[in-house]
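Novice: pasting the sequence and the predicted model now:
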Amino acid sequence: MDRYHIYESIGKGKHSVVYKGREKKTIQYYAVKSVEKSQRQRVLQEVHALRAIKHERTLKFVVWYETRNHLWLVLEYCVGGTLLNVLKQDGRLPESSIRRFAVDL
């Protein structure tokens, strides 16, 4: 999970918490779901289902990670934020990220 900044909790379930996250050195935001490791079988089933779903109106599955205490699912998340806040956190961004931001303007 070294690739993501984790922000505030945006949802909670019986065995999981969903956070707003951002990939480091980019302006790409994600929903980052942290699940208790005891739920491994359920998480693997969820990952399998999410990989199979490909529709423009559903959130896209990105990747999943396993750490010592948790399983983490990274999903598409549509959120904004100011460029100033991103620059305050990372200091600078690669040209490719800036180009993407400019195209959206």
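Specialist: The structure has been received and is ready for your questions.
Novice: from here on, contacts and neighbour counts on C-alpha atoms
Specialist: Fine.
Novice: now stretch 42-60: buried residues?
Specialist: Buried residues in stretch 42-60, counted by 16 or more other C-alpha atoms under 10 Å: 43, 47, 50, 59-60.
Novice: pipe these into a markdown table and attach pLDDT per row.
Specialist: As requested, the buried residues of stretch 42-60 are exported to a markdown table (pLDDT from 0 to 100):
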| residue | pLDDT |
| --- | --- |
| Val43 | 95 |
| Val47 | 95 |
| Leu50 | 92 |
| Leu59 | 78 |
| Lys60 | 90 |
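Novice: can you pull out the low-pLDDT segments for this protein?
Specialist: Along the chain, the parts satisfying pLDDT under 70 run over 57, 78-82, 85, 101, 104-105.
Novice: centre-most residue in it?
Specialist: Taking C-alpha atoms, centre = their mean, the centroid of the chain lies closest to Tyr30, which sits 2.8 Å from it.
Novice: excluding chain neighbours, what is closest to it?
Specialist: Take Tyr30 and drop its neighbours on the chain: the residue closest to it by C-alpha to C-alpha, 6 or more residues apart in numbering is Tyr77, 4.4 Å away.
Novice: do I have it right that the one you found meets Lys33?
Specialist: No - applying C-alpha atoms under 8 Å as the test, Tyr77 and Lys33 come out as separate, 11.3 Å apart.
Novice: who has more neighbours out of these two?
Specialist: Set Tyr77 next to Lys33 and count neighbours by other C-alpha atoms under 10 Å: Lys33 wins out with 23 against 17.
Novice: and that one, how far from Val43?
Specialist: 10 Å (C-alpha to C-alpha, to the nearest Å).
Novice: now do Tyr7
Specialist: 22 Å.
Novice: do the same with Arg99
Specialist: 35 Å.
Novice: for Val32, give me its contacts.
Specialist: 6, 18-21, 72-75 (C-alpha atoms under 8 Å, 6 or more residues apart in numbering).
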